[in-house]
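>>> Here is the input, now give the coordinates:
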Amino acid sequence: MSKKKIKLYGMRKYWPHLTEPLAEAEREKLSVKQGGKCGVCEKPESSFKMRLSVDHNHKTGQVRGLLCYRCNKFIVGRHTLESALKLLKYLEVERNATV
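Below is the predicted model:
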C-alpha cells in the first residue's frame, strides 16, 4: 500500500521541513535580504495589495526569492534560463542596431 502524499499549504510548501512559524521566519529573512522589494522590478512590497510571492524552482523546490505577482507570473514564470538568454541576446542586437 502506498503512502498518500500530504499537501502542504502556506509557507510550509516551500520549507516542508519547518513548522509554519519557522517557515514564515524564513520568508521574513528573504524579505529583509531583498530590502522588502520584489527581486525583479524592485518595487516595495507595501506598494502591492498582495504579499510578494515565494519564487521557487518547480523541479528542485529550491526557493529563489520573493517576487510580485506580475514578475512571478509574466517574467520569471514564462522563461527558462535558455529562453531568457535568447531574449537578452535579441535585445542586445536591437540595442546595438540603433546605436
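>>> Centre-most residue in this structure?
With distances taken as Cα atoms, centre = their mean, the residue of the chain nearest its centroid is Asp55 (2.1 Å).
>>> Am I right that that one is in contact with Val76?
Yes. Counting by Cβ atoms under 8 Å, Asp55 does reach Val76; the two are 6.0 Å apart. Bear in mind the C-beta positions are built from the backbone N, C-alpha and C, glycine included.
>>> Between those two, which contacts overlap?
Residues touching both Asp55 and Val76 by Cβ atoms under 8 Å, 6 or more residues apart in numbering: Leu67.
>>> Where does Arg78 sit: helix, strand or coil?
coil (DSSP: H, G, I helix; E, B strand; the rest coil).
>>> same deal with the one 4 residues further on?
Assigned with three-state DSSP, Glu82 falls in the helix class.
>>> Run a quick neighbour tally on it.
Glu82 has 8 neighbouring residues, counting by other Cβ atoms under 10 Å.
>>> Repeat that for the one 10 residues further on.
Counted by other Cβ under 10 Å, the residues lying close to Glu92 total 10.
>>> so how far is Cys68 from it?
26 Å (Cβ to Cβ, to the nearest Å).
>>> For stretch 45-55, buried residues please.
Buried residues in stretch 45-55, counted by 16 or more other Cβ atoms under 10 Å: 45, 52-55.
>>> who touches that stretch?
11, 14, 27, 30-31, 36-39, 63-69, 72, 76.
>>> and it, how far apart are its ends?
End-to-end distance for stretch 45-55: 14 Å, by Cα to Cα, to the nearest Å.
>>> Show the average pLDDT along that stretch.
If you average the pLDDT over stretch 45-55, you get 94.
>>> can you pull out the strands in this protein?
53-56, 63-67 (DSSP state E).
>>> how about those strands in CSV, adding distance to Ser83?
Shown next, in CSV, are those (distance: least, Cβ to Cβ, whole Å):
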stretch, distance to Ser83
strand 53-56, 16
strand 63-67, 16
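>>> for these, which one sits closest to Leu81?
Closest to Leu81 of the strands of the chain, according to Cβ to Cβ: strand 63-67, at 11.8 Å.
>>> quick one: contacts of that closest one?
Identification of contacts with strand 63-67 by Cβ under 8 Å, 6+ apart yields 14-15, 26-27, 30-31, 34, 38-40, 45, 52-57, 76.
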